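> Dropping the sequence and predicted coords here.
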Amino acid sequence: MNRILLIGFCALVAAAIGGGLWVVGSPTHARLQKQDADRLEDLAGWRSRLRCVGDDEVLPQSLAEVPDCPGSTAFASRALPTQDAVTGAPYVYHRLSDQAFEVCVTLALDPEEARKAGSLRTDMELRAGNVVCLTGTIAPKN
């Protein structure tokens, strides 16, 4: 009788752990979500910094040439990386015109799932695969 109770208790504990992992996700999935959140934060930072280039009236050719944004407190305290910290792949920057640009990153997890869950910003465009892009323009001084 005690043996049956022990087996039943172990099965109940195993089911609870399995159910918890199914609902919350695995630690690996949580780590990938955090890495994707960091990537998206970097993308938003680059868009903010690129929008600040309006004083120069023309966008730079690469992210390495983007100057610091004077008077900006949001990103002044941290340097924005030009590449993904995990994979080492560079963030993709396209200069669409003198005043329009897009910055893109490849996420580890499916961005469509993140969009359904409401954790992906609505201004981010989904591209092929797991690529997400932010577009923007600068407003030159006249």
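Alright, I've got the coordinates.

> What segments of the chain are strands?
For the chain, applying DSSP state E gives strands covering 92-95, 100-106, 125-126, 131-137.

> Can you name every helix or strand that the third one contacts?
Secondary-structure packing of strand 125-126 (3 or more CB pairs under 8 Å, 6 or more residues apart in numbering; DSSP states H and E): helix 111-117, strand 131-137. (Glycine included, C-beta is placed from N, CA and C.)

> quick one: that strand to chain centroid distance?
12 Å (CA atoms, centre = their mean, to the nearest Å).

> same question for it, mean pLDDT?
The pLDDT scores in strand 125-126 average 86.

> residues in contact with that strand?
If you take CB atoms under 8 Å, 6 or more residues apart in numbering as the criterion, strand 125-126 is touched by 111-112, 115, 132-135.

> Now for those residues: which two are most distant?
E112 and T135 (18.8 Å; CB to CB).

> quick one: which of these two has more around it?
Legend: neighbour count by other CB atoms under 10 Å for E112 and T135, higher for T135 (15 against 11).

> Minimum pLDDT in the contacts of strand 125-126, which residue is that?
R115 (70).

> still on that earlier bit, just the buried ones from the contacts of strand 125-126, in PyMOL syntax?
Here is the PyMOL selection string for the buried members of those, based on 16 or more other CB atoms under 10 Å:
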select buried, resi 111+132+133+134
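
> Now distance to C104 too, for the contacts of strand 125-126, in a markdown table please.
Converted to a markdown table, the contacts of strand 125-126 look like this (distance: CB to CB, whole Å):
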| residue | distance to C104 |
| --- | --- |
| P111 | 11 |
| E112 | 16 |
| R115 | 16 |
| V132 | 7 |
| C133 | 4 |
| L134 | 8 |
| T135 | 9 |
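
> In TSV: the helices and strands packed on strand 125-126, plus distance to R39.
As requested, the helices and strands packed on strand 125-126 are exported to TSV (distance: least, CB to CB, whole Å):
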stretch	distance to R39
helix 111-117	10
strand 131-137	8
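
> Show me what the one helix or strand in the chain whose mean pLDDT sits lowest is in contact with.
Scoring the helices and strands of the chain by mean pLDDT, DSSP states H and E places helix 111-117 at the bottom, with a mean of 73. Under the contact criterion CB under 8 Å, 6+ apart, helix 111-117 has outside partners 36, 107, 120, 124, 126, 130, 132.
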